[in-house]
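Here's my sequence, what's the structure:
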Amino acid sequence: MASPADTVYRADVFAIREQRAITSPTGRQRADMFARRERRQTAATTPKLHRIRIQLPIGDESIDLVYSSFDQQMPVWADSALRSLSERWGVRPGWDSYTASPTNPHVVIKLLNVLSGILNNDSPPPQMTPLADGGVQAEWHHADQDFEIVMPAAEGATYYYFNRQTGEEIEADLTADWESVRGLIKRLG
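Numbering: from 1, shown residues only. Next comes the predicted model:
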């Protein structure tokens, strides 16, 4: 289960370029007065926040994103996920030959931030697929297993897991308790 600290300190790492990432100012800390006889000031060391600009081509246009992290590069899974998103983006109303809404960039950002909180740097990359309501989903299909994280435009996120060998099937709301979701993704290898 996520602790209150996880909720307070979790920050989005993907943002549409015009938005600013939330950062905390570097402050000073004092040594614990019981740890040493003398009190002295020490500067708090804060790692440098890197911002990587991403231009995501969508049809004849592009969306500018910013990835903010203390790492100097995006996770390994992100490049492949962004490429699949760019290739499958629902650009115009009716992109599915029916009544589909265009993919909503804000929903995409929400899903990318969820993935950043769940996936490790070396996790297998998901294939990104638009939804007819303007939402998007991340999906993995490997070793007779299917796993999907669905982020609809107007509803809460859910996940679905199915193992064809064992018949195990799980469908649930995606909550801040992501440990079980991480475990299912690890099973995909």
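
And the pLDDT for Gln55?
Looking at Gln55, its pLDDT is 91.

Which residues are in contact with it?
62-65 (CB atoms under 8 Å, 6 or more residues apart in numbering). Every C-beta, even on glycine, is put in place using the N, C-alpha and C of the backbone.

Could you do Met128 as well?
Neighbours of Met128 in contact, by CB under 8 Å, 6+ apart: 81-82, 84-85, 88, 108, 111, 136-139.

tell me which element it falls in.
strand 127-130 (DSSP states H and E).

Quick one: name whatever helix or strand follows that strand.
Beyond strand 127-130 toward the C-terminal end (DSSP H and E), the next one is strand 136-142.

partners of that following strand in the sheet?
Strand 136-142 pairs in its sheet with strand 127-130 (antiparallel), strand 145-151 (antiparallel), by DSSP bridges.

Redo those strands as CSV? Include mean pLDDT and distance to Ile52.
Below are those laid out as CSV (pLDDT from 0 to 100; distance: least, CB to CB, whole Å):
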stretch, mean pLDDT, distance to Ile52
strand 127-130, 96, 18
strand 145-151, 96, 22
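
got JSON lines for these, with distance to Tyr98 too?
Formatted as JSON lines, the strands paired with strand 136-142 follow (distance: least, CB to CB, whole Å):
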{"stretch": "strand 127-130", "distance to Tyr98": "13"}
{"stretch": "strand 145-151", "distance to Tyr98": "19"}
